[in-house]
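1. Predicted model follows, preceded by the sequence.
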Amino acid sequence: MIDPDTQAGWAAEAEAEADADAEDMPLSLRLSIADTLTLGNATCGFMAVYFTTTGILIPHLTGSDETGMARHSAATAVILMLAAAIFDLLDGLVARKLRSSPMGAELDNLSDLISFGLAPAYFVLVYGMVADDAHQRVSALAAVVVLLAVVLRLARFSCVTLKDGMFQGMPSPFGALTVVSIVLLELPFVPTTLAIVGVAWLMVSRVEYPKPRGVLAVAMLGWIVAAMGLLAAWAFDAPGGQLLLQTGCALQVVTGAVIPLFATARRVNTFRGNRREARAAQLP
């Protein structure tokens, strides 16, 4: 028979040991609120791959003609990538306001690789398998290019120190959404592939993109929510849903193409201004 006092003593000792273990836990193993949001980003990316497989690829391989299910699954996969972008936006804001664990930067890179590297690359790969005019091997190569571009971009971001408020190269969330938008536009295969490769090049380029802070962050969040609404309308075959979706995708692609033009024009103007100042300084 166990003495109740002895049992209570054991319970107290076990609780004390658990508290001591928690206090001795290295700070690098404690997740912050920002880290939890980052894990939500990774989860959304993985689930996007899941819906792309079960709702688009498998029905195509089994000869199913349920186009409605494929449409719903495609919309769900893209909505999950959009949700991952929201998590990615919020974890940065929360980390700046509160705190982030020492492994926060590593978690962010790994999650971005899943949601904005693997998920859109896999979406491109499946597109090449199910589209009527697509070439599977070429689309597989384009998918690899997208994945490697995100890997290189994230690695460079970890190693290179840039001026505050700017990214070098198209940010991976923006690049992923642009790649998916190009696929959803349902253009002919050749221009679709060229546009996808062009976005991959922009991600590893030296073109400067502004970081989403302040008003820009609010605008980006509003655009993501609006895109989710467009996808839902398209998925449920709402009146004008197809046109609305294509309009939203076209705006995403145009924005991705216009920002580098503004950045290039700004560099040219800066270069010309520096030359004028240098010439003026040389005059007697």
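-> Perfect, I can see it now. Residues are numbered from 1 along each chain as shown.
2. In the protein, which helix is the longest?
-> helix 241-282 (DSSP state H).
3. Show me what that one is packed up against.
-> Using 3 or more Cβ pairs under 8 Å, 6 or more residues apart in numbering; DSSP states H and E as the contact test, the elements touching helix 241-282 are helix 172-184, helix 189-204, strand 208-210, helix 215-235. C-betas here are computed from N, CA, C, even on glycine.
4. again, only this time at 6 Å
-> Contacting helix 241-282 under the criterion 3 or more Cβ pairs under 6 Å, 6 or more residues apart in numbering; DSSP states H and E are the following elements: helix 172-184, helix 215-235.
5. Now the first one - C-alpha only, PDB.
-> The C-alpha atoms that make up helix 172-184 are tabulated as PDB, following Å, rounded to 0.1, in the frame of the first residue of the first chain:
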ATOM      1  CA  SER A 172      10.100  34.800 -52.700                       C
ATOM      2  CA  PRO A 173       6.400  35.200 -51.600                       C
ATOM      3  CA  PHE A 174       5.800  37.800 -54.400                       C
ATOM      4  CA  GLY A 175       7.700  35.600 -56.800                       C
ATOM      5  CA  ALA A 176       5.700  32.500 -55.900                       C
ATOM      6  CA  LEU A 177       2.300  34.300 -56.300                       C
ATOM      7  CA  THR A 178       3.500  35.700 -59.600                       C
ATOM      8  CA  VAL A 179       4.400  32.200 -60.900                       C
ATOM      9  CA  VAL A 180       1.100  30.800 -59.900                       C
ATOM     10  CA  SER A 181      -0.700  33.800 -61.500                       C
ATOM     11  CA  ILE A 182       1.100  33.100 -64.800                       C
ATOM     12  CA  VAL A 183      -0.200  29.500 -64.700                       C
ATOM     13  CA  LEU A 184      -3.700  30.500 -63.800                       C
END
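6. Can you tell me which helices and strands it packs against?
-> By 3+ Cβ pairs under 6 Å, 6+ apart, helix 172-184 packs against helix 67-97, helix 119-130, helix 136-159, helix 189-204, helix 241-282.
7. Could you export the ones you listed as a markdown table, including mean pLDDT?
-> Putting the helices and strands packed on helix 172-184 into a markdown table (pLDDT from 0 to 100) gives the following:
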| stretch | mean pLDDT |
| --- | --- |
| helix 67-97 | 85 |
| helix 119-130 | 94 |
| helix 136-159 | 92 |
| helix 189-204 | 94 |
| helix 241-282 | 79 |
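8. out of those helices, deepest packed?
-> Most buried of those, by mean neighbour count (mean count of other Cβ atoms under 10 Å): helix 119-130, with a mean of 23.
9. what angle separates that helix from helix 172-184?
-> Interaxial angle of helix 119-130 relative to helix 172-184 (axes from the mean of the first three to the mean of the last three Cα atoms, to 10 degrees): 10 degrees.
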